[in-house]
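[1] model this:
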Amino acid sequence: MYSYNSNKERITMTYKAKDLRSSNYYIGESRNKILINGCFDIIHRGHINLIRSATSLLADCELWVAMNSDASVSTRKPGRPINCQEDRIYVLSNIKGVDAIVIFDTEKELAELVRVIR
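    Residues are numbered from 1 along each chain as shown. Alright, predicted model coming up:
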């Protein structure tokens, strides 16, 4: 698990998808959750618009970002990622509104994440 202090008011938590299945992590039910996913290799306007749109959907919600791992990106896009997963985590964690980042390697792990946070 990684955590980065993106500003003095909050900490964005980062998990590996496979770890969320263990009893060490509790996904609380107190807030609505919105899940978006992608590689987020080179952050661009479309990524920022996606994050802004997602956070505007519901008041008092948590925004969870499912991010492809380096291994997952390289199988989908040869020669990528340009930015390593730790750098992508750092950038995402510093975008206002991102509450949690989950790294996944496979589509099966992404599907499991969707099931876990419902």
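[2] check contacts around the residue lying closest to Ile34 once chain neighbours are set aside.
    The shortest distance from Ile34 to any non-neighbouring residue, by CB to CB, 6 or more residues apart in numbering, is to Ala54 (4.8 Å). Glycine gets a C-beta too; all of them are placed from N, C-alpha and C. Residues near Ala54 by CB atoms under 8 Å, 6 or more residues apart in numbering: Ile34, Ile36, Leu63, Gly97.
[3] quick check, nearest of these to Ile82?
    Distance to Ile82 across the contacts of Ala54 (CB to CB) is lowest for Ile36, with 20.3 Å.
[4] correct me, but that closest one touches Ile48?
    No: using CB atoms under 8 Å, Ile36 makes no contact with Ile48, being 11.8 Å away.
[5] neighbour count: those two, which is higher?
    Ile36 (17 against 11; other CB atoms under 10 Å).
[6] got phi/psi on the more buried one?
    Main-chain dihedrals, Ile36, degrees, to the nearest 10: phi -120, psi 160.
[7] excluding chain neighbours, what is closest to it?
    Ala54 (5.3 Å).
[8] for the helix or strand hosting that neighbour, list every residue counted as buried.
    Ala54 is part of helix 45-57 when elements are defined by DSSP states H and E. Under the neighbour-count criterion of 16 or more other CB atoms under 10 Å, helix 45-57 has His47, Ile51, Ala54, Thr55 buried.
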